[in-house]
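# just the structure for this:
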Amino acid sequence: EDDFGEMVEPKEVHGELADLMAPIMVKTEDPAADFLAREQEQLGELEVEIGTLSVSPQKSPIPFIEKKIKEEPAVIKEWREKQIEMLRVKDEEEENARNNLRDQAAKELENWYAQNAIQLEKLRAANREAMINTDKTFVAELEPVEPGTEWERVAKLCDFNPKSAKNVKDVSRMRSIILQLKQGPGSNSIN
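Next up, the predicted model:
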């Protein structure tokens, strides 16, 4: 037999002692079952008050209790509506400002392109004019080729100012050779 049976099931008591202990006797029911029965009774009372709410086909032991949502005070509703309106107005203003900036940027870009085109055309015209003038002066300065003056003509075409030279390479040796050839037309010995 079960070792714990003695604790759960009461032994019969005979005689007068049984009459005294009758109210104290341990019940044969499970204490957990008693608890569940009491809870079911209390929940049954709540179901009558709230009404039956069936969430699933089976009846759940814990009923669904609706939480009452407190209504916001009128001041908070009014403030919230003002905030929404204010945000809507700000969004519209921001969109208008953004559109204005886009239009202004488009106009400025168009003006810049127009100015750039005018400036490029002026630069091209100036370059053409300079090229024509350079060609005229070059042709005017042409002298008949005489023996020994070839290096003088080459030296005229070269820019010997090192500060105005636009190339990055060192051309000082070439410069010195051309100047030596210009100064000494008859010397063929170059070091």
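# so K70 is in which element?
Following DSSP states H and E, there is no helix or strand that holds K70.
# and it, how many neighbours?
K70: 6 surrounding residues under other C-beta atoms under 10 Å. (Glycine included, C-beta is placed from N, CA and C.)
# with L123 instead?
10.
# what's the helix or strand for it?
helix 74-140.
# can you name the element that comes right after that helix?
helix 150-157.
# need the three-state assignment for N161.
Assigned by DSSP: H, G, I helix; E, B strand; the rest coil, the conformation of N161 is coil.
# what's around it, how many residues?
N161: 7 neighbours (other C-beta under 10 Å).
# kindly report the same for A37.
10.
# again with the one 4 residues further on
Burial of E41 is recorded as 9 neighbouring residues (other C-beta under 10 Å).
# can I get the strand or helix carrying it as CSV, trimmed to CA atoms?
Following DSSP H and E, one finds E41 within helix 31-50. Provided in CSV are the C-alpha atoms of helix 31-50 (Å, rounded to 0.1, in the frame of the first residue of the first chain):
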residue,chain,number,x,y,z
PRO,A,31,-6.5,20.5,-1.2
ALA,A,32,-5.7,21.6,-4.8
ALA,A,33,-9.2,20.4,-5.9
ASP,A,34,-10.8,22.5,-3.1
PHE,A,35,-8.8,25.5,-4.3
LEU,A,36,-9.9,25.0,-7.9
ALA,A,37,-13.5,24.6,-6.9
ARG,A,38,-13.4,27.9,-4.9
GLU,A,39,-11.9,29.7,-7.9
GLN,A,40,-14.4,28.3,-10.3
GLU,A,41,-17.2,29.6,-8.1
GLN,A,42,-15.7,33.1,-7.9
LEU,A,43,-15.1,33.1,-11.7
GLY,A,44,-18.6,32.0,-12.3
GLU,A,45,-19.8,35.1,-10.4
LEU,A,46,-17.6,37.3,-12.5
GLU,A,47,-18.9,35.7,-15.7
VAL,A,48,-22.4,36.6,-14.8
GLU,A,49,-21.3,40.2,-14.2
ILE,A,50,-19.2,40.7,-17.3
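# low pLDDT regions in the chain?
Across the chain, the ranges flagged by pLDDT under 70 are 1-29, 46-68, 143-145, 159-160, 162-168, 185-191.
# redo that, cut-off 50
Along the chain, segments meeting pLDDT under 50 span 13, 56, 189-191.
# specify the angle between the helix holding L123 and helix 150-157 in degrees.
160 degrees (axes from the mean of the first three to the mean of the last three C-alpha atoms, to 10 degrees).
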